[in-house]
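A.B. asks: task: produce atomic coordinates for the following.
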Amino acid sequence: MTVYLLRRILQSLMVLLAMSVIVFVGVYAIGDPVEILISPDADQMERERAIAALGLDLPLWQQYLVFLQNALRGDLGRSFVFNEPALQLILNRMPATLELAFGAMFLSVLIGLPLGLYAGLKPDSVGSRVIMAGSILGFSLPTFWVGLMLIMVFAVQLGWLPSSGRGETVQILGLHWSFLTANGWMHLAMPAFNLALFKISLVIRLTRSGVREAMLMDYVKFARAKGLSPTRVTFVHVFKNILIPVVTVVGLELGSTIAFSVVTETVFAWPGMGKLIIDSINVLDRPVIVAYLMVIVLMFITINLIVDILYSVLDPRVRLESKA
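C.D. replies: Below is the predicted model:
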């Protein structure tokens, strides 16, 4: 286990280094933030001073080396627009994005698992057909359109839920969290469901296929032959085994949910990392863009490692260490 973890950490560091090169070159080679940040009325001397202050007067390879040296100290650059550390800006917005992502994944499991289980146990029933048709809609409908429809129905016409913002927050360890307040839950409901819709459909179809496959296995037939109740067969023998692929996919999808919550945050004006990156792209705030992408890469790597460990816990046949 220790050897495996050390090997994965080394691989993760190599991936981070490679991604830092790709991200830095890709972002810094496109566009010129000077044209946006500096007034058109500025003379040449003022432009040169501003370019030097931003560190844009150095060649690209020297800018990367400076970035790498600072990154090793935990400094991912300073925002051109806010004049604050880029990492601090992202960390301030991270609780909002994490709330949205975990809320979406919680809804996907809470709704998707029971519906997928029912559809797998009774595949020919009317309810199962309705569930599968709904899952197809969940895959097909665009996120931004669903978000606008949710706002139109529940915020504008019915007035049940707020249409934008994060609501009241509670400060814990210097970070603001909204899921600890009733008003925060009301603001979280629509964007979390909007972000979860695709994941709900994915969990439904994954659970259904897992149940259909497990019901044909010998251990299920043997459990029935012993006279075990259908409930015990379902939740002890079937449900436990289908959790393995579900946990794997849900864990990997958590990273994509965090990374691709941009549309939902934009539609609902949710003050998370996604909205920050959109605003930063509009003004070519390069340090914030690079810092955001590096944080997302680090999240993906960490989540993948946790999923691998959970996979080995759920399935004893999986070994993390290769045998000589």
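A.B. asks: gap between the lengthiest helix in the chain and the chain center?
C.D. replies: The residue-count maximum for a helix in the chain (DSSP state H) belongs to helix 86-121. A distance of 8 Å separates the C-alpha centroid of helix 86-121 from that of its chain, computed with C-alpha atoms, centre = their mean, to the nearest Å.
A.B. asks: which strands and helices lie in contact with the following helix or strand past that helix?
C.D. replies: If you walk from helix 86-121 toward the C-terminus, the next helix or strand you reach (DSSP states H and E) is helix 126-140. With contacts defined as 3 or more C-beta pairs under 8 Å, 6 or more residues apart in numbering; DSSP states H and E, the secondary structure elements packing on helix 126-140 are helix 86-121, helix 182-214. Using the backbone N, CA and C atoms, a C-beta is placed for each residue, glycine as well.
A.B. asks: show me the one of those helices that comes nearest Ser229.
C.D. replies: With C-beta to C-beta, the closest approach to Ser229 among these belongs to helix 86-121: 13.7 Å.
A.B. asks: adding mean pLDDT and mean neighbour count, write the helices and strands packed on helix 126-140 out as JSON lines.
C.D. replies: Written out in JSON lines, the entries for the helices and strands packed on helix 126-140 read as follows (pLDDT from 0 to 100; neighbours: other C-beta atoms under 10 Å):
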{"stretch": "helix 86-121", "mean pLDDT": "88", "mean neighbour count": "21"}
{"stretch": "helix 182-214", "mean pLDDT": "88", "mean neighbour count": "21"}
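A.B. asks: now tabulate the ones you listed in TSV and tack on distance to Val250.
C.D. replies: Converted to TSV, the helices and strands packed on helix 126-140 look like this (distance: least, C-beta to C-beta, whole Å):
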stretch	distance to Val250
helix 86-121	6
helix 182-214	7
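A.B. asks: closest one to Gly165 among these?
C.D. replies: The minimum distance between Gly165 and the helices and strands packed on helix 126-140 falls on helix 182-214, with 5.9 Å, by C-beta to C-beta.
A.B. asks: packing partners for the closest one?
C.D. replies: Helices and strands in packing contact with helix 182-214 are listed as helix 86-121, helix 126-140, helix 143-150, helix 239-259, helix 262-267; criterion 3+ C-beta pairs under 8 Å, 6+ apart.
A.B. asks: dump those to TSV, plus distance to Met45.
C.D. replies: What follows is the helices and strands packed on helix 182-214, written out as TSV (distance: least, C-beta to C-beta, whole Å):
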stretch	distance to Met45
helix 86-121	28
helix 126-140	57
helix 143-150	45
helix 239-259	42
helix 262-267	39
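A.B. asks: among these, which comes closest to Thr181?
C.D. replies: Of the helices and strands packed on helix 182-214, nearest to Thr181 by C-beta to C-beta is helix 86-121, at 11.4 Å.
A.B. asks: give me the angle between the closest one and helix 239-259.
C.D. replies: Here helix 86-121 points in a direction 150 degrees away from that of helix 239-259 (axes from the mean of the first three to the mean of the last three C-alpha atoms, to 10 degrees).
A.B. asks: could you give the angle of helix 86-121 to helix 182-214?
C.D. replies: Compare the direction of helix 86-121 with that of helix 182-214 by the same axes, to 10 degrees and you get 50 degrees.
A.B. asks: check this structure and tell me which residue is nearest its centre.
C.D. replies: Centrality entry for the chain: nearest residue to the mean C-alpha point is Ile258, 1.8 Å, by C-alpha atoms, centre = their mean.
A.B. asks: returning to that earlier point: tell me what angle the longest helix of the chain forms with helix 126-140.
C.D. replies: Using the same axes, to 10 degrees, the direction of helix 86-121 lies 150 degrees away from that of helix 126-140.
A.B. asks: identify whichever of the helices and strands packed on helix 182-214 lies nearest to Val211.
C.D. replies: For the helices and strands packed on helix 182-214, the distance to Val211 is smallest for helix 86-121, at 2.7 Å, taking C-beta to C-beta.
A.B. asks: count of neighbours near Ile172?
C.D. replies: Burial of Ile172 is recorded as 10 neighbouring residues (other C-beta atoms under 10 Å).
A.B. asks: show me the shaky parts of this protein.
C.D. replies: Scanning the chain with the threshold set as pLDDT under 70 gives 1, 4, 29-44, 46-47, 50-51, 53-57, 311-324.
A.B. asks: ok, 50 please
C.D. replies: Filtered on pLDDT under 50, the chain yields the residue ranges 321-324.
A.B. asks: dump the residue contacts of Tyr118.
C.D. replies: Taking C-beta atoms under 8 Å, 6 or more residues apart in numbering as the definition of contact, the neighbours of Tyr118 are Gly127, Ser128, Ile131.
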